[in-house]
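**Student:** show me how the following folds:
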Amino acid sequence: MSSVRIITGRYRGRKLEPPAQPGLRPTTDTAREGLFSRLSTYFNWPEVHALDLFAGTGVLGLEVLSRGGAHLVSVEQNRTLIRAMQQVRQTWPVPDWEIVQADAARWLVQCGRSFDLILMDPPYSRPDKPALIEAALQGKLLTADGLLVLEHATHESFADLAGFCDSRHYGLVAFSFFEPI
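**Tutor:** Here you go, the predicted structure:
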């Protein structure tokens, strides 16, 4: 797998070297640029406490920290990916990054914290995405002005779910946005 670079901010141009893992598909540069362009109109980055569920390489969360985000929690189950994120945290000067090895769906229901931004990138084949969104929104994991972003395949639509407010497509990648309910 080729390297993944951080788009902008304090870590701009730095590269992640993701380990080869079945099913791992880091979000493309184009899709991340589009997503963070949209998010930059919504957030004042130094105030943002973010949660990156199904973190994979950690690149989405690192984009938040690169822009000056206050705190990041990355949740990933795969031990190899956890070790790769921990290596990045040790190598780069990345403050305020909490890396959690856990099943994201289980972690959601026991979390007990709230976040300004939740980035959720489950495997595209995972059928319980609506339940994951519902668990996050009903579990009050979002602050009153928060936003949940689901990355998914373009053929899927989540417009009928409570809290849905927008969607954007970038090639084969789509993002659906949800506000607190």
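**Student:** so for Ala153, what's the nearest residue that isn't a sequence neighbour?
**Tutor:** Tyr124 (4.7 Å; Cβ to Cβ, 6 or more residues apart in numbering). Every C-beta, even on glycine, is put in place using the N, C-alpha and C of the backbone.
**Student:** before we move on, what about Leu142?
**Tutor:** Leu142's closest residue in space is Pro180 (Cβ to Cβ, 6+ apart), at 4.6 Å.
**Student:** my read: the one you found touches Gly146, true?
**Tutor:** Yes - under the contact definition of Cβ atoms under 8 Å, Pro180 touches Gly146, with a separation of 6.0 Å.
**Student:** where does this protein have low pLDDT?
**Tutor:** Along the chain, the model assigns pLDDT under 70 to residues 1.
**Student:** mind running it again at 80?
**Tutor:** Within the chain, the stretches with pLDDT under 80 are 1-2, 18-26.
**Student:** tell me the centre residue of it?
**Tutor:** The centroid of the chain falls nearest to Leu119 when counting by Cα atoms, centre = their mean (2.9 Å).
**Student:** against Ser74, how distant is it?
**Tutor:** 9 Å (Cβ to Cβ, to the nearest Å).
**Student:** list residues touching both of those two?
**Tutor:** 52, 61 (Cβ atoms under 8 Å, 6 or more residues apart in numbering).
**Student:** quick one, what contacts the spatially closest residue to Ser3 that is not a sequence neighbour?
**Tutor:** Closest residue to Ser3 apart from its sequence neighbours, by Cβ to Cβ, 6+ apart: Lys15 at 4.1 Å. Neighbouring residues of Lys15 by Cβ under 8 Å, 6+ apart: 3-6.
**Student:** which PyMOL command selects the buried ones in the residues you listed?
**Tutor:** If you want just the buried ones from these in PyMOL, going by 16 or more other Cβ atoms under 10 Å, the selection is:
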select buried, resi 4+6
